[in-house]
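Student: return a 3D structure for these sequence lines:
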Amino acid sequence: QVHLVESGGGLVQAGGSLRLSCAASGGTFSNYAMGWFRQAPGKEREFVAAISWSGGNTYYTDSVKGRFTISRDNAENMVYLQMNSLKPEDTAVYYCAASPIATMKGVKSWGQGTQVTVSS
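Tutor: Numbers count the residues shown, from 1 in each chain. Below you'll find the predicted structure:
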C-alpha cells in the first residue's frame with residue numbers, strides 16, 4: 001500500500017490561500033485515484049476533492065467548487081490541493097487519501113492529516 005504524508009497546513013485569515021501537498025511512497029502512485037478529505041471538530045470526515053489516476057478528471061464537493069483545485073504530479077508522486085478564498089468554515093484537519101477509483105470508495109491509504117485554521 002502507498003504511504004501518504006501531508007504538509008502545508010497552517011493558520012490563515014479569511015480570504016487567504018494555502019496549498020496542501022501530499023507525498024506518496026511505497027506503492028505505484030499512478031495506479032491510484034487520489035483525494036482530499038477533511039474533518040472539523042465534532043463533525044464526521046467529509047469528502048473535499050478527488051483526481052483520477054491520469055489527472056484527467058477532477059471532482060469537488062459543492063462547498064469548495066471554484067475555490068479549491070486538486071492536481072497531481074505522477075512523476076514526483078505528489079498530489080496538491082490549492083485552496084483560495086478560504087472561509088472560517090474550511091477550518092479542519094485535511095487528509096490525503098488513495099483509492100482504486102476516483103469516487104474514493106474503498107480508500108486504501110490515509111495520511112496523518114494536516115491542520116488548516118481559517119480565522120475570521
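Student: where do the helices sit along this protein?
Tutor: Counting by DSSP state H, the chain forms no helices at all.
Student: okay, which residue is most central for it?
Tutor: Trp36 (2.5 Å; CA atoms, centre = their mean).
Student: tell me, how many residues neighbour the residue nearest to that residue when sequence neighbours are not counted?
Tutor: For Trp36, ignoring the flanking residues on the chain, the nearest one in space by CB to CB, 6 or more residues apart in numbering is Val48 at 4.4 Å. Yep, even glycine has a C-beta here, placed from its N, CA and C like the rest. Using other CB atoms under 10 Å, Val48 is surrounded by 25 other residues.
Student: relative to Arg67, how far out is Val48?
Tutor: 11 Å (CB to CB, to the nearest Å).
Student: need the contact list for Gly106.
Tutor: The contact partners of Gly106, by CB atoms under 8 Å, 6 or more residues apart in numbering, come to Ser99, Pro100.
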